[in-house]
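In: here is my input, please return the structure:
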Amino acid sequence: MRAPARQRCRTACGADLVVVDRPDAPFAEVRWQVPLVRRDHADAAVALVAGRALLLGPLDGDAAAAQQRVLEEGGVWSTTPAVDRVTLSATVPAERLPWLLGELRDRLESPAPRPEALQDALATERTRLAAAVAHRELGLHRLLARHRWGPEHPYAHAVLEPADLDAVDPAAVLDLLTTRVHPAGSTLLVLGPLGSLGGLDALELLAAPLGGAVGPGGPSDRDPRAPALPADPGPRGVPPQRLPVAPHEPTASLRLWAPAPPRSHPEHLPLHLAGMALGGYFGSRLTQELRERRGDVYGVTTGFEVLASGTTWALSLECPADRIGAVRETVHAALAALGDPGADEQELERAAAYALQGAAVGLASPAALASAGSTVLFAGDDLDLWERQAAQAATTTPDQVAEVARSWWRSDALVEVVADPRDDAGVPAPPQD
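Out: Residues are numbered from 1 along each chain as shown. As a prediction, this is how the structure comes out:
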């Protein structure tokens, strides 16, 4: 997997700009990840609405009017708030990139949404949360985040409910947009058919709406105005947690999280291979045992959640409620077995081949590469990540994989949450807030 040819610079507004020429792309893809760390639960509610309202201009009465402005330029745009950032995504004709980047910079540096537009954004977000509040996955994620990071950590406030928005008013949203949302420390990936703009030489043209280039860019050239990021607390030694669900529910859920090394760390790739061998594809140990032999699960998923200053390894599965005890035992036994005695060379070769082929397929489209690449850049890495991982996978040994499995999957590092309709599941229910 070869890294795409690219140009990079730090711009005067503080954004780290990366430009990739993809002649086969029909449109230009823009992904601008802007740091916005939630301070506490009340602040998280304001930040959520602010993230949704970020594209509202001074003439926009609501989100539909903001969308109409970019539609008239031949494109679309959206925002996605998260616990550590807001992602601005856009797809436009390549020749409209200078206009788009200037428009987005204005929204970040000079927010001026109308009060009625902010009220509309607040009402829309309340409706969205009301529709999602009953989903089991939100309860699972809330417990996982609380115990992975600690209840007071900024990253613990990822999941909100409609009532959390009751105290939010448009003035607070505008104040947050004005004082805390800024391009400094952000990463901006522009990918598309840039031939009409000069190909990779378009870097200077695209940097101009952002104040021009002032540095080489990259993690070592981060804008000094960038906000500080919270520290990763590491393993916290929490006991297993239970999420109560309705007694009539037929299925139970198991989620495991554990602190993990960042992508740039030499132990990240071996841990990824361990996760693949454990449950990351159809040939993995848990899929073969729990799905093919027992029929207890439809599938097992493993992967990583990567935030600006913390990485988490994750496993998820569902099974019949009366089988959760046996399934948990099998999962924990498999975790231990990958640490000792570990996997053999053939097992790792299969896991690596699936992981690399899956990445190649998943990154084939310009939009997918733009989205994945922007998250890699925001976490402090570069677009040669997948090329480096492929090279490392070819030389990673079973002993290295076993060592990282023992190190990162220690019992005191695992955060386990079980959603089970039975009261006798053997896992304590969480304390009430």
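In: so which elements touch the helix or strand harbouring residue 20?
Out: Using DSSP states H and E, the element containing residue 20 is strand 16-21. Contacts defined by 3 or more Cβ pairs under 8 Å, 6 or more residues apart in numbering; DSSP states H and E place strand 16-21 against strand 6-11, strand 187-192, helix 203-207, helix 366-378. In this view, the C-beta of every residue, glycine as well, is placed from N, C-alpha and C.
In: list the buried residues in that strand.
Out: Residues of strand 16-21 classed as buried: 16-21 (neighbour count, 16 or more other Cβ atoms under 10 Å).
In: repeat for stretch 68-87
Out: Within stretch 68-87, judged by 16+ other Cβ under 10 Å, the buried ones are 70, 73, 75, 77-79, 81-87.
In: need those in JSON lines (columns: pLDDT, distance to residue 247 and secondary structure).
Out: Converted to JSON lines, the buried residues of stretch 68-87 look like this (pLDDT from 0 to 100; distance: Cβ to Cβ, whole Å; DSSP: H, G, I helix; E, B strand; the rest coil):
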{"residue": "70", "pLDDT": "96", "distance to residue 247": "48", "secondary structure": "helix"}
{"residue": "73", "pLDDT": "96", "distance to residue 247": "53", "secondary structure": "coil"}
{"residue": "75", "pLDDT": "97", "distance to residue 247": "49", "secondary structure": "coil"}
{"residue": "77", "pLDDT": "98", "distance to residue 247": "45", "secondary structure": "strand"}
{"residue": "78", "pLDDT": "97", "distance to residue 247": "39", "secondary structure": "strand"}
{"residue": "79", "pLDDT": "97", "distance to residue 247": "39", "secondary structure": "strand"}
{"residue": "81", "pLDDT": "97", "distance to residue 247": "35", "secondary structure": "strand"}
{"residue": "82", "pLDDT": "97", "distance to residue 247": "34", "secondary structure": "coil"}
{"residue": "83", "pLDDT": "97", "distance to residue 247": "32", "secondary structure": "coil"}
{"residue": "84", "pLDDT": "97", "distance to residue 247": "37", "secondary structure": "coil"}
{"residue": "85", "pLDDT": "97", "distance to residue 247": "39", "secondary structure": "strand"}
{"residue": "86", "pLDDT": "98", "distance to residue 247": "39", "secondary structure": "strand"}
{"residue": "87", "pLDDT": "98", "distance to residue 247": "39", "secondary structure": "strand"}
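In: which of the residues you listed sit farthest apart?
Out: Greatest spatial distance among the buried residues of stretch 68-87 (Cβ to Cβ): 73 and 83, at 31.1 Å.
In: returning to that earlier point: mean pLDDT and mean neighbour count added to the helices and strands packed on strand 16-21, as a markdown table?
Out: As requested, the helices and strands packed on strand 16-21 are exported to a markdown table (pLDDT from 0 to 100; neighbours: other Cβ atoms under 10 Å):
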| stretch | mean pLDDT | mean neighbour count |
| --- | --- | --- |
| strand 6-11 | 97 | 21 |
| strand 187-192 | 98 | 28 |
| helix 203-207 | 96 | 20 |
| helix 366-378 | 96 | 21 |
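In: ok, the buried residues of strand 16-21 vs residue 155, which is closest?
Out: Checking the buried residues of strand 16-21 one by one against residue 155 (Cβ to Cβ), the nearest turns out to be residue 16, at 21.8 Å.
In: can you pull up the bridge partners for the closest one?
Out: Here residue 16 shows beta-bridge partners residue 10, residue 187, assigned using DSSP bridges.
In: that one and residue 234, how far apart?
Out: 27 Å (Cβ to Cβ, to the nearest Å).
In: again with residue 411
Out: Taking Cβ to Cβ, one finds residue 411 at 14 Å from residue 234.
In: dump the helices and strands packed on strand 16-21 to TSV, plus distance to residue 322.
Out: Shown next, in TSV, are these (distance: least, Cβ to Cβ, whole Å):
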stretch	distance to residue 322
strand 6-11	53
strand 187-192	47
helix 203-207	58
helix 366-378	39
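In: which one of the ones you listed lies nearest to residue 385?
Out: Per Cβ to Cβ, nearest to residue 385 of those: helix 366-378, 5.3 Å.
In: identify the residues contacting that closest one?
Out: Identification of contacts with helix 366-378 by Cβ atoms under 8 Å, 6 or more residues apart in numbering yields 4, 16, 18, 20, 22, 24-25, 27, 29-33, 85, 87, 89, 91, 186-187, 189, 191-192, 263, 306, 308, 362-363, 382-383, 385.
In: if you set the cut-off to 7 Å instead, what comes out?
Out: Helix 366-378 has contacts (Cβ atoms under 7 Å, 6 or more residues apart in numbering) with 16, 18, 22, 25, 29, 31, 33, 85, 187, 189, 191-192, 263, 306, 308, 362-363, 383, 385.
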